[in-house]
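Colleague: Take a look and give me a structure for this.
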Amino acid sequence: MVTTVADWSCEPWAVDSSTAAALSSHLLRQAELVEEIASRLAGGGALEWDSPAGRNFGEYVLAQAVGVRRAGGLLREAAAQVGSFALELRSLEYNALREQL
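Modeller: Next comes the predicted model:
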């Protein structure tokens, strides 16, 4: 799942909000990468292991995948919060521009 965030870099008055929007987009991409890593870990942990040590390792990998997936979710949440901040900041920048005119 690829999600995009608004890019206001073409609006010269929206400097700070463009930076915040870019950060949100970057965080979202990092979340996607971390979630992909979690999926690969889960796939490795779900393999059939012949030995008890292998099964223990598989369980360990599955447990690690849960933590990595949680980290991806937190990154996704941070991206959403920064995106909301970018929208609010853009509104403030726009209002400041209107007051100058």
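
Colleague: Please enumerate the helices of the protein.
Modeller: 15-45, 52-100 (DSSP state H).

Colleague: for this structure, which spans come out with low pLDDT?
Modeller: The model of the chain has pLDDT under 70 over residues 1-10.

Colleague: still on that earlier bit, which stretch among the helices of the chain is buried most, on average?
Modeller: Most buried of the helices of the chain, by mean neighbour count (mean count of other Cβ atoms under 10 Å): helix 15-45, with a mean of 17. Just so you know, the C-beta spots here come from the backbone N, C-alpha and C atoms, and that holds for glycine as well.

Colleague: what's it packed up against?
Modeller: Applying 3 or more Cβ pairs under 8 Å, 6 or more residues apart in numbering; DSSP states H and E, one finds that helix 15-45 contacts helix 52-100.

Colleague: other SSEs contacting the helix it packs on?
Modeller: Checking 3+ Cβ pairs under 8 Å, 6+ apart, helix 52-100 ends up next to helix 15-45.

Colleague: could you check the angle helix 52-100 makes with the helix it packs on?
Modeller: Interaxial angle, helix 15-45 versus helix 52-100 (axes from the mean of the first three to the mean of the last three Cα atoms, to 10 degrees): 170 degrees.

Colleague: Off-centre distance for helix 15-45?
Modeller: With Cα atoms, centre = their mean, to the nearest Å as the basis, helix 15-45 stands 3 Å off its chain's centre.

Colleague: Likewise for stretch 80-96?
Modeller: 18 Å.

Colleague: How about stretch 75-82?
Modeller: Relative to the chain's own centre, stretch 75-82 is displaced by 6 Å; criterion: Cα atoms, centre = their mean.

Colleague: Equivalent analysis for stretch 86-101, please.
Modeller: Between the centre of stretch 86-101 and the centre of its host chain there is 26 Å, according to Cα atoms, centre = their mean.

Colleague: Please apply the same query to stretch 41-49.
Modeller: Remark: stretch 41-49 is offset 25 Å from the chain centroid, using Cα atoms, centre = their mean.

Colleague: So what touches it?
Modeller: Contact with stretch 41-49 is made by 55, 57-62, 64-65, 68-69, as judged by Cβ atoms under 8 Å, 6 or more residues apart in numbering.
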